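J.: fold the following.
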Amino acid sequence: MSLFLQLAFLLSVILLSAKMAGYISIRFGQPSVLGELLVGILLGPSIINLLDLPFIEHELTETVAKLGELGVLLLMFLAGLELHLGEMRQNVRVAALAGLMGVIGPVLLGWGAGLLFGFNQPSAIFLGLTLGATSVSISAQTLIEMKVLRSRAGLSLLGAAVFDDILIILLLSVFLALQGEAAGMAGIILIMMRMLVFLVASVLFGLWALPWIIRRVSRLPISQGLLTISLVILLAYGIASEAFGGMAAITGAFLAGLMLARTPEKERIEAGAHALAYGLFVPVFFVNIGLSINLREFQMESLFLTAAITVGAVAGKWVGAGWGAKLGGLTTTESVQLGAGMISRGEVGLIVASVGMRNGLMTDVEFSAIVVMILVTTLITPPILRGLFMREQAKHPARKLEQVRAESEAQAIKDESKPEAS
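T.: Residues are numbered from 1 along each chain as shown. Have a look, this model is predicted:
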(Lines give C-alpha, C1' and ligand atoms only; values in the text may rest on other atoms or scores of the structure.)
Protein backbone atom coordinates (compact mmCIF):
# COMPACT_ATOMS: atom_id res chain seq x y z
CA MET A 1 0.00 0.00 0.00
CA SER A 2 1.40 3.39 -0.99
CA LEU A 3 2.06 6.11 1.57
CA PHE A 4 -0.86 8.14 0.22
CA LEU A 5 -3.28 5.22 0.59
CA GLN A 6 -2.03 4.61 4.12
CA LEU A 7 -2.74 8.23 5.02
CA ALA A 8 -6.16 8.04 3.36
CA PHE A 9 -6.94 4.92 5.40
CA LEU A 10 -5.84 6.55 8.67
CA LEU A 11 -7.87 9.70 8.04
CA SER A 12 -10.93 7.65 7.09
CA VAL A 13 -10.76 5.65 10.33
CA ILE A 14 -10.02 8.71 12.48
CA LEU A 15 -12.76 10.91 11.00
CA LEU A 16 -15.44 8.22 10.99
CA SER A 17 -14.57 7.13 14.54
CA ALA A 18 -14.47 10.74 15.77
CA LYS A 19 -17.87 11.62 14.36
CA MET A 20 -19.49 8.42 15.64
CA ALA A 21 -17.96 8.87 19.09
CA GLY A 22 -18.99 12.53 19.13
CA TYR A 23 -22.57 11.58 18.27
CA ILE A 24 -22.68 8.94 21.02
CA SER A 25 -21.25 11.45 23.49
CA ILE A 26 -23.95 13.99 22.62
CA ARG A 27 -26.63 11.31 23.02
CA PHE A 28 -25.38 10.82 26.59
CA GLY A 29 -25.63 14.55 27.26
CA GLN A 30 -21.90 15.27 26.97
CA PRO A 31 -19.99 17.46 24.47
CA SER A 32 -18.75 15.71 21.34
CA VAL A 33 -15.12 16.46 22.22
CA LEU A 34 -15.31 13.98 25.10
CA GLY A 35 -16.17 11.16 22.73
CA GLU A 36 -13.42 12.20 20.33
CA LEU A 37 -10.83 12.16 23.11
CA LEU A 38 -11.95 8.74 24.33
CA VAL A 39 -11.98 7.20 20.86
CA GLY A 40 -8.45 8.55 20.42
CA ILE A 41 -7.37 6.55 23.48
CA LEU A 42 -9.17 3.49 22.08
CA LEU A 43 -7.37 3.82 18.72
CA GLY A 44 -4.03 4.70 20.33
CA PRO A 45 -1.26 2.52 21.77
CA SER A 46 -3.26 1.97 24.95
CA ILE A 47 -5.59 -0.48 23.13
CA ILE A 48 -5.73 -0.83 19.31
CA ASN A 49 -2.51 1.01 18.39
CA LEU A 50 -3.80 2.16 15.00
CA LEU A 51 -0.64 4.06 14.05
CA ASP A 52 1.54 1.00 14.63
CA LEU A 53 -0.30 -1.47 12.40
CA PRO A 54 2.07 -3.56 10.22
CA PHE A 55 1.08 -1.84 6.97
CA ILE A 56 1.32 1.73 8.36
CA GLU A 57 4.61 3.60 7.94
CA HIS A 58 5.89 5.17 11.17
CA GLU A 59 6.39 8.58 9.54
CA LEU A 60 2.61 8.97 9.17
CA THR A 61 2.39 9.39 12.94
CA GLU A 62 4.04 12.78 12.54
CA THR A 63 1.78 13.63 9.59
CA VAL A 64 -1.36 12.98 11.63
CA ALA A 65 0.07 15.02 14.50
CA LYS A 66 0.74 17.98 12.19
CA LEU A 67 -2.79 17.81 10.79
CA GLY A 68 -4.00 17.91 14.38
CA GLU A 69 -1.90 21.01 15.05
CA LEU A 70 -3.64 22.72 12.15
CA GLY A 71 -6.89 21.70 13.81
CA VAL A 72 -6.11 23.47 17.07
CA LEU A 73 -5.08 26.59 15.13
CA LEU A 74 -8.42 26.59 13.30
CA LEU A 75 -10.28 25.97 16.55
CA MET A 76 -8.71 28.97 18.27
CA PHE A 77 -9.19 31.03 15.09
CA LEU A 78 -12.92 30.27 15.21
CA ALA A 79 -13.00 31.11 18.92
CA GLY A 80 -11.53 34.52 18.07
CA LEU A 81 -14.07 35.02 15.27
CA GLU A 82 -16.87 34.47 17.79
CA LEU A 83 -15.82 37.54 19.76
CA HIS A 84 -15.70 41.32 19.51
CA LEU A 85 -12.86 43.53 20.72
CA GLY A 86 -15.44 45.47 22.71
CA GLU A 87 -16.38 42.31 24.57
CA MET A 88 -12.74 41.48 25.30
CA ARG A 89 -12.04 45.01 26.57
CA GLN A 90 -14.86 44.64 29.09
CA ASN A 91 -13.17 41.58 30.58
CA VAL A 92 -9.48 42.59 30.66
CA ARG A 93 -9.33 43.02 34.44
CA VAL A 94 -11.00 39.72 35.28
CA ALA A 95 -9.01 37.89 32.58
CA ALA A 96 -5.71 39.24 33.93
CA LEU A 97 -6.52 38.35 37.55
CA ALA A 98 -7.88 34.90 36.65
CA GLY A 99 -4.89 34.18 34.43
CA LEU A 100 -2.43 35.31 37.11
CA MET A 101 -4.05 33.42 39.99
CA GLY A 102 -4.63 30.42 37.73
CA VAL A 103 -0.87 30.17 37.24
CA ILE A 104 0.28 30.96 40.79
CA GLY A 105 -1.96 28.35 42.46
CA PRO A 106 -0.96 25.21 40.52
CA VAL A 107 2.69 26.28 40.21
CA LEU A 108 3.02 26.52 44.00
CA LEU A 109 1.13 23.26 44.57
CA GLY A 110 3.20 21.45 41.94
CA TRP A 111 6.42 22.80 43.40
CA GLY A 112 5.39 21.67 46.87
CA ALA A 113 4.33 18.23 45.63
CA GLY A 114 7.66 17.80 43.87
CA LEU A 115 9.61 18.59 47.03
CA LEU A 116 7.34 16.28 49.05
CA PHE A 117 8.11 13.38 46.69
CA GLY A 118 11.86 13.99 46.82
CA PHE A 119 12.41 15.94 43.59
CA ASN A 120 15.45 18.19 43.44
CA GLN A 121 14.74 21.92 43.37
CA PRO A 122 14.85 22.44 39.56
CA SER A 123 12.67 19.38 38.90
CA ALA A 124 10.14 20.46 41.54
CA ILE A 125 9.91 23.95 40.05
CA PHE A 126 9.47 22.51 36.58
CA LEU A 127 6.68 20.23 37.82
CA GLY A 128 4.94 23.36 39.07
CA LEU A 129 5.34 25.04 35.68
CA THR A 130 3.82 21.98 34.00
CA LEU A 131 0.80 22.18 36.29
CA GLY A 132 0.49 25.90 35.55
CA ALA A 133 -0.09 25.36 31.82
CA THR A 134 -3.62 25.57 30.40
CA SER A 135 -5.12 24.35 27.12
CA VAL A 136 -8.32 26.28 26.59
CA SER A 137 -9.05 24.81 23.14
CA ILE A 138 -11.09 21.94 24.60
CA SER A 139 -13.06 24.32 26.84
CA ALA A 140 -13.62 26.65 23.88
CA GLN A 141 -15.03 23.76 21.85
CA THR A 142 -17.41 22.85 24.68
CA LEU A 143 -18.60 26.45 25.10
CA ILE A 144 -19.07 26.85 21.33
CA GLU A 145 -21.25 23.72 21.26
CA MET A 146 -23.36 25.10 24.12
CA LYS A 147 -23.51 28.59 22.56
CA VAL A 148 -22.17 30.25 25.72
CA LEU A 149 -18.74 31.28 24.48
CA ARG A 150 -19.86 34.91 24.53
CA SER A 151 -21.17 34.81 28.07
CA ARG A 152 -19.14 36.77 30.62
CA ALA A 153 -17.54 33.58 31.91
CA GLY A 154 -16.72 32.42 28.37
CA LEU A 155 -15.17 35.71 27.30
CA SER A 156 -13.17 35.99 30.50
CA LEU A 157 -12.02 32.38 30.12
CA LEU A 158 -10.49 33.05 26.70
CA GLY A 159 -8.82 36.21 27.94
CA ALA A 160 -7.49 34.44 31.02
CA ALA A 161 -6.06 31.69 28.81
CA VAL A 162 -4.10 34.28 26.81
CA PHE A 163 -2.68 35.76 30.04
CA ASP A 164 -1.96 32.23 31.28
CA ASP A 165 -0.09 31.40 28.07
CA ILE A 166 2.04 34.54 28.31
CA LEU A 167 2.83 34.01 32.01
CA ILE A 168 3.81 30.36 31.60
CA ILE A 169 6.04 31.16 28.63
CA LEU A 170 7.68 33.97 30.59
CA LEU A 171 8.23 31.77 33.65
CA LEU A 172 9.51 28.89 31.52
CA SER A 173 11.87 31.24 29.70
CA VAL A 174 13.16 32.68 32.99
CA PHE A 175 13.59 29.18 34.43
CA LEU A 176 15.53 27.90 31.42
CA ALA A 177 17.60 31.09 31.42
CA LEU A 178 18.58 30.49 35.04
CA GLN A 179 19.39 26.88 34.12
CA GLY A 180 21.80 28.15 31.48
CA GLU A 181 19.53 27.64 28.47
CA ALA A 182 19.38 31.36 27.64
CA ALA A 183 21.68 34.35 27.91
CA GLY A 184 20.85 35.26 31.51
CA MET A 185 18.93 38.42 32.33
CA ALA A 186 19.55 39.88 28.88
CA GLY A 187 17.82 36.86 27.35
CA ILE A 188 14.83 37.24 29.67
CA ILE A 189 14.42 40.94 28.83
CA LEU A 190 14.69 40.14 25.12
CA ILE A 191 11.96 37.50 25.38
CA MET A 192 9.62 39.94 27.15
CA MET A 193 10.29 42.66 24.59
CA ARG A 194 9.60 40.24 21.73
CA MET A 195 6.23 39.33 23.23
CA LEU A 196 5.25 42.96 23.71
CA VAL A 197 6.32 43.98 20.21
CA PHE A 198 4.45 41.05 18.66
CA LEU A 199 1.21 41.77 20.53
CA VAL A 200 1.26 45.49 19.69
CA ALA A 201 2.18 44.88 16.04
CA SER A 202 -0.50 42.20 15.65
CA VAL A 203 -3.25 44.42 17.02
CA LEU A 204 -2.20 47.47 15.00
CA PHE A 205 -1.97 45.44 11.79
CA GLY A 206 -5.35 43.88 12.52
CA LEU A 207 -7.01 47.23 13.19
CA TRP A 208 -5.60 49.14 10.22
CA ALA A 209 -4.51 46.75 7.47
CA LEU A 210 -6.71 43.66 7.69
CA PRO A 211 -10.07 45.39 7.00
CA TRP A 212 -8.62 46.91 3.81
CA ILE A 213 -7.13 43.57 2.69
CA ILE A 214 -10.37 41.69 3.30
CA ARG A 215 -12.43 44.36 1.55
CA ARG A 216 -10.22 44.27 -1.56
CA VAL A 217 -10.03 40.47 -1.77
CA SER A 218 -13.80 40.06 -1.31
CA ARG A 219 -14.36 42.09 -4.51
CA LEU A 220 -12.02 40.00 -6.66
CA PRO A 221 -13.45 37.20 -8.86
CA ILE A 222 -11.40 34.48 -7.13
CA SER A 223 -12.93 31.15 -6.12
CA GLN A 224 -12.99 31.01 -2.29
CA GLY A 225 -10.56 33.93 -2.27
CA LEU A 226 -11.91 35.28 1.02
CA LEU A 227 -11.46 31.95 2.80
CA THR A 228 -8.00 31.51 1.31
CA ILE A 229 -6.69 34.91 2.40
CA SER A 230 -8.22 34.35 5.86
CA LEU A 231 -6.34 31.05 6.19
CA VAL A 232 -3.13 32.75 5.05
CA ILE A 233 -3.65 35.44 7.70
CA LEU A 234 -4.34 32.76 10.33
CA LEU A 235 -1.14 30.88 9.47
CA ALA A 236 0.89 34.09 9.28
CA TYR A 237 -0.26 35.13 12.76
CA GLY A 238 0.52 31.66 14.10
CA ILE A 239 4.00 31.66 12.55
CA ALA A 240 4.73 35.17 13.81
CA SER A 241 3.50 34.29 17.29
CA GLU A 242 6.05 31.47 17.67
CA ALA A 243 8.90 32.74 15.50
CA PHE A 244 8.91 36.40 16.56
CA GLY A 245 6.73 36.67 19.67
CA GLY A 246 8.03 33.59 21.45
CA MET A 247 4.45 32.55 22.26
CA ALA A 248 2.35 29.55 21.27
CA ALA A 249 0.98 29.53 17.72
CA ILE A 250 -2.55 29.15 19.14
CA THR A 251 -2.23 32.64 20.63
CA GLY A 252 -1.53 34.05 17.17
CA ALA A 253 -4.44 32.08 15.71
CA PHE A 254 -6.79 33.48 18.35
CA LEU A 255 -5.58 37.02 17.63
CA ALA A 256 -6.12 36.51 13.89
CA GLY A 257 -9.72 35.48 14.50
CA LEU A 258 -10.27 38.37 16.89
CA MET A 259 -9.01 40.85 14.31
CA LEU A 260 -11.03 39.39 11.42
CA ALA A 261 -14.17 39.41 13.59
CA ARG A 262 -14.25 43.20 13.09
CA THR A 263 -14.56 42.94 9.29
CA PRO A 264 -17.90 43.06 7.41
CA GLU A 265 -17.13 39.65 5.86
CA LYS A 266 -16.91 37.91 9.24
CA GLU A 267 -19.92 35.63 8.61
CA ARG A 268 -18.57 34.36 5.27
CA ILE A 269 -15.12 33.76 6.74
CA GLU A 270 -16.59 31.94 9.71
CA ALA A 271 -18.78 29.69 7.55
CA GLY A 272 -15.88 28.58 5.36
CA ALA A 273 -13.42 28.11 8.23
CA HIS A 274 -16.02 26.21 10.27
CA ALA A 275 -16.64 23.69 7.48
CA LEU A 276 -12.93 23.15 6.92
CA ALA A 277 -12.15 22.88 10.64
CA TYR A 278 -14.92 20.55 11.78
CA GLY A 279 -14.98 18.53 8.59
CA LEU A 280 -11.32 17.50 8.84
CA PHE A 281 -8.78 19.15 11.10
CA VAL A 282 -10.48 19.60 14.49
CA PRO A 283 -11.59 15.94 14.82
CA VAL A 284 -8.04 14.86 13.95
CA PHE A 285 -6.69 17.17 16.67
CA PHE A 286 -8.88 15.78 19.45
CA VAL A 287 -8.41 12.15 18.40
CA ASN A 288 -4.65 12.70 18.16
CA ILE A 289 -4.49 13.73 21.83
CA GLY A 290 -5.73 10.24 22.67
CA LEU A 291 -3.42 8.67 20.09
CA SER A 292 -0.42 10.28 21.79
CA ILE A 293 -1.16 8.69 25.17
CA ASN A 294 0.02 5.19 26.07
CA LEU A 295 -1.56 4.01 29.30
CA ARG A 296 0.44 0.77 29.09
CA GLU A 297 3.55 2.73 30.05
CA PHE A 298 1.97 3.96 33.25
CA GLN A 299 3.93 2.57 36.19
CA MET A 300 2.08 1.68 39.38
CA GLU A 301 4.89 2.95 41.61
CA SER A 302 4.02 6.45 40.46
CA LEU A 303 0.37 6.07 41.53
CA PHE A 304 0.65 8.33 44.59
CA LEU A 305 2.63 10.93 42.65
CA THR A 306 0.02 10.84 39.89
CA ALA A 307 -2.82 11.27 42.37
CA ALA A 308 -1.05 14.15 44.13
CA ILE A 309 -0.25 16.15 41.01
CA THR A 310 -3.70 15.51 39.51
CA VAL A 311 -5.44 16.81 42.63
CA GLY A 312 -3.02 19.75 42.72
CA ALA A 313 -3.58 20.47 39.04
CA VAL A 314 -7.37 20.48 39.34
CA ALA A 315 -7.63 22.28 42.69
CA GLY A 316 -4.89 24.80 41.96
CA LYS A 317 -6.30 25.86 38.61
CA TRP A 318 -9.98 25.73 39.56
CA VAL A 319 -9.60 27.57 42.87
CA GLY A 320 -6.83 29.89 41.70
CA ALA A 321 -8.44 31.02 38.45
CA GLY A 322 -11.88 31.08 40.06
CA TRP A 323 -10.64 33.24 42.92
CA GLY A 324 -8.97 35.61 40.48
CA ALA A 325 -12.20 35.84 38.49
CA LYS A 326 -14.13 36.63 41.67
CA LEU A 327 -11.64 39.38 42.56
CA GLY A 328 -12.07 40.69 39.02
CA GLY A 329 -15.80 41.17 39.47
CA LEU A 330 -17.50 37.99 38.24
CA THR A 331 -20.26 36.39 40.27
CA THR A 332 -19.51 33.27 42.29
CA THR A 333 -21.24 31.08 39.69
CA GLU A 334 -19.33 32.67 36.81
CA SER A 335 -16.05 32.37 38.73
CA VAL A 336 -16.62 28.65 39.29
CA GLN A 337 -17.42 28.22 35.58
CA LEU A 338 -14.27 30.06 34.53
CA GLY A 339 -12.10 28.11 36.95
CA ALA A 340 -13.46 24.83 35.62
CA GLY A 341 -12.73 25.91 32.05
CA MET A 342 -9.06 26.41 32.93
CA ILE A 343 -8.55 22.86 34.28
CA SER A 344 -7.58 21.14 31.03
CA ARG A 345 -3.85 20.93 30.21
CA GLY A 346 -4.18 19.23 26.82
CA GLU A 347 -1.48 19.72 24.22
CA VAL A 348 0.03 22.72 26.04
CA GLY A 349 0.78 20.58 29.09
CA LEU A 350 2.30 17.89 26.87
CA ILE A 351 4.51 20.48 25.17
CA VAL A 352 5.78 21.85 28.49
CA ALA A 353 6.38 18.33 29.82
CA SER A 354 8.34 17.39 26.69
CA VAL A 355 10.61 20.40 27.29
CA GLY A 356 11.34 18.99 30.74
CA MET A 357 12.20 15.58 29.29
CA ARG A 358 14.55 17.11 26.71
CA ASN A 359 16.34 19.08 29.42
CA GLY A 360 16.65 16.13 31.83
CA LEU A 361 14.34 17.70 34.41
CA MET A 362 12.14 14.63 34.89
CA THR A 363 12.40 10.85 34.75
CA ASP A 364 10.24 8.48 32.71
CA VAL A 365 8.20 7.69 35.84
CA GLU A 366 7.55 11.37 36.49
CA PHE A 367 6.71 11.98 32.84
CA SER A 368 4.18 9.12 32.80
CA ALA A 369 2.54 10.58 35.91
CA ILE A 370 2.26 13.97 34.21
CA VAL A 371 0.78 12.36 31.09
CA VAL A 372 -1.93 10.69 33.17
CA MET A 373 -2.63 14.03 34.90
CA ILE A 374 -2.97 15.72 31.50
CA LEU A 375 -5.29 12.95 30.32
CA VAL A 376 -7.50 13.19 33.41
CA THR A 377 -7.78 16.99 33.33
CA THR A 378 -8.51 16.91 29.60
CA LEU A 379 -11.25 14.32 29.99
CA ILE A 380 -13.02 15.81 33.02
CA THR A 381 -13.17 19.41 31.81
CA PRO A 382 -15.95 19.08 29.17
CA PRO A 383 -18.49 17.28 31.39
CA ILE A 384 -17.76 19.59 34.35
CA LEU A 385 -18.25 22.69 32.18
CA ARG A 386 -21.41 21.33 30.64
CA GLY A 387 -22.83 20.43 34.04
CA LEU A 388 -22.11 23.87 35.50
CA PHE A 389 -23.68 25.79 32.61
CA MET A 390 -26.69 23.46 32.38
CA ARG A 391 -27.28 23.77 36.12
CA GLU A 392 -27.23 27.55 35.83
CA GLN A 393 -29.69 27.42 32.96
CA ALA A 394 -31.97 25.13 34.97
CA LYS A 395 -31.96 27.63 37.86
CA HIS A 396 -32.94 30.48 35.52
CA PRO A 397 -35.09 28.93 32.77
CA ALA A 398 -36.29 32.34 31.62
CA ARG A 399 -32.74 33.46 30.93
CA LYS A 400 -31.93 31.37 27.87
CA LEU A 401 -28.41 30.90 26.64
CA GLU A 402 -29.31 32.76 23.44
CA GLN A 403 -30.24 35.75 25.61
CA VAL A 404 -26.73 35.77 27.08
CA ARG A 405 -25.31 35.87 23.57
CA ALA A 406 -27.67 38.66 22.47
CA GLU A 407 -26.83 40.77 25.52
CA SER A 408 -23.10 40.38 24.84
CA GLU A 409 -23.59 41.42 21.20
CA ALA A 410 -25.64 44.46 22.19
CA GLN A 411 -23.03 45.55 24.73
CA ALA A 412 -20.23 45.07 22.20
CA ILE A 413 -22.03 47.20 19.60
CA LYS A 414 -22.60 49.87 22.23
CA ASP A 415 -18.92 49.88 23.18
CA GLU A 416 -17.76 49.99 19.55
CA SER A 417 -19.99 53.02 18.89
CA LYS A 418 -18.63 55.09 21.79
CA PRO A 419 -15.53 56.42 19.98
CA GLU A 420 -17.64 57.40 16.97
CA ALA A 421 -20.09 59.29 19.15
CA SER A 422 -17.28 61.30 20.65
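J.: just the element for residue 344, please.
T.: Assigned by DSSP states H and E, residue 344 belongs to no helix or strand.
J.: just checking, what packs against the helix or strand hosting residue 317?
T.: Element membership of residue 317, judged by DSSP H and E, is helix 303-328. When contacts are defined as 3 or more CB pairs under 8 Å, 6 or more residues apart in numbering; DSSP states H and E, helix 303-328 packs onto helix 92-116, helix 121-132, helix 152-178, helix 332-341, helix 364-395. The way it works is simple: take the backbone N, C-alpha and C, and place the C-beta from them, glycine included.
J.: pull out the buried residues from the first one.
T.: I take that to be helix 92-116. 94-111, 113-115 (16 or more other CB atoms under 10 Å).
J.: circling back to that earlier point, can I get the helices and strands packed on helix 303-328 in TSV with distance to residue 53 and mean pLDDT?
T.: Conversion of the helices and strands packed on helix 303-328 to TSV gives the following (distance: least, CB to CB, whole Å; pLDDT from 0 to 100):
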stretch	distance to residue 53	mean pLDDT
helix 92-116	37	93
helix 121-132	32	92
helix 152-178	36	80
helix 332-341	36	95
helix 364-395	23	84
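J.: ok, now how distant is residue 321 from residue 229?
T.: 36 Å (CB to CB, to the nearest Å).
J.: who has more neighbours, these two?
T.: Taking other CB atoms under 10 Å, residue 321 and residue 229 do not tie; residue 321 has more neighbours (34 against 21).
J.: the closest residue in space to that one that isn't next to it in sequence: what's it in contact with?
T.: Using CB to CB, 6 or more residues apart in numbering and skipping residues adjacent in sequence, the residue nearest residue 321 is residue 102, 3.2 Å away. Applying CB atoms under 8 Å, 6 or more residues apart in numbering, we find residue 102 in contact with 132, 134, 160, 164, 317, 320, 321, 324, 339, 342.
J.: out of those, who's the most crowded?
T.: residue 321 (34 neighbours).
J.: let me know whether that residue touches residue 159 as I believe.
T.: No. In this structure, residue 321 is not within contact of residue 159 by CB atoms under 8 Å, at 11.4 Å.
J.: how about stretch 29-45: buried residues?
T.: Buried, per 16+ other CB under 10 Å, within stretch 29-45: 30-45.
J.: burial of residue 276, as a residue count?
T.: Residues lying near residue 276 (other CB under 10 Å) number 18.
J.: can you pull out the helices in the stretch 151-300 of the chain?
T.: 152-178, 184-208, 210-218, 225-243, 249-260, 266-276, 282-291 (DSSP state H, counting those that start in this stretch).
J.: give me the buried positions along the first one.
T.: It stands for helix 152-178. Buried-residue list, helix 152-178, by 16+ other CB under 10 Å: 152-177.
J.: quick revisit: to residue 357, which of the helices of the stretch 151-300 of the chain lies closest?
T.: Among these, the nearest to residue 357 by CB to CB is helix 152-178 (13.6 Å).
J.: give me the pLDDT for residue 85.
T.: For residue 85, the model assigns a pLDDT of 67.
J.: so where's the stretch 201-350 of the chain shaky on pLDDT?
T.: Within the stretch 201-350 of the chain, the set of residues satisfying pLDDT under 70 comprises 298-301, 347.
J.: go again using 90 as the cut-off
T.: In the predicted model, the stretch 201-350 of the chain carries pLDDT under 90 at residues 241-252, 254-255, 258, 262, 285-286, 288-305, 344-350.
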